[in-house]
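> structure for the following, please:
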Amino acid sequence: TLLTPQPRLRTGFFSILSTDTVPADVPIQACTNSKGVAKYGTPIGLNEEYTVDLVVVGSTAVCPKTGARVGKGEGFAELEWGILSLQGNLDASKTIVATTVHDEQVVDDMPPGQLTKHDVPVDVIVTPTRIIRVSDRVPKPSGVFWDLLSPQKLAQIRVLRQLKSEIEERDGKDLPSGPDE
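Residues are numbered from 1 along each chain as shown. Got it, this is the predicted structure:
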């Protein structure tokens, strides 16, 4: 079973692709892009129960010493991680995070102090020539850092607005919000 996020979380949360739901005559390649996921995947809601054992994230650069990574800079992998951990679908201390990069994207000079509190480091780096297990990984975050989310970003992502509303209603108080973009 594969859990895949909706692009930029704009149309929903995640979709599930499973051998139980994808027709046997459909080649796996037909499910490897957003059109295939839309056609063969099953959308799942914010409050559904399931467990995530492995997360694969994109990286433009990654440090083999600490697992620190740089993504595309939009923070969607961190938002997905935060929501999944907040909802109890993954355990931030146990869920394995992997990335695939070219050998040139593995860099030794990425200080862990440059990471923000929401950045998700990796446990495993896979390149065309090697598999690197990060031995001294920086800690992984857990939950959504509402104080970092701008009102503009929140306005773009329906699932975040839904989650924030549910938490505020349950707790009877407003959550913080981040600065304007």
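> which of the three states applies to the residue of the chain positioned farthest from its centre?
Distance from the C-alpha centroid of the chain peaks at Asp25, with 30.0 Å (Cα atoms, centre = their mean). Under DSSP: H, G, I helix; E, B strand; the rest coil, Asp25 falls in the coil class.
> Thr129 versus that one, what's the distance?
36 Å (Cβ to Cβ, to the nearest Å). Every C-beta, even on glycine, is put in place using the N, C-alpha and C of the backbone.
> show me what contacts Val138?
Thr66, Gly67, Ala68, Pro112, Leu115, Pro121 (Cβ atoms under 8 Å, 6 or more residues apart in numbering).
> hang on, I meant Leu115
By Cβ under 8 Å, 6+ apart, the neighbours of Leu115 are Ala68, Pro121, Val138.
> list just the nearest of these to Arg10.
Distance ranking of these against Arg10, using Cβ to Cβ, places Pro121 first at 26.2 Å.
> buried set for stretch 127-141?
Counting neighbours by 16 or more other Cβ atoms under 10 Å, one finds that the buried residues in stretch 127-141 are Thr127, Ile132, Val134, Arg137, Val138, Lys140, Pro141.
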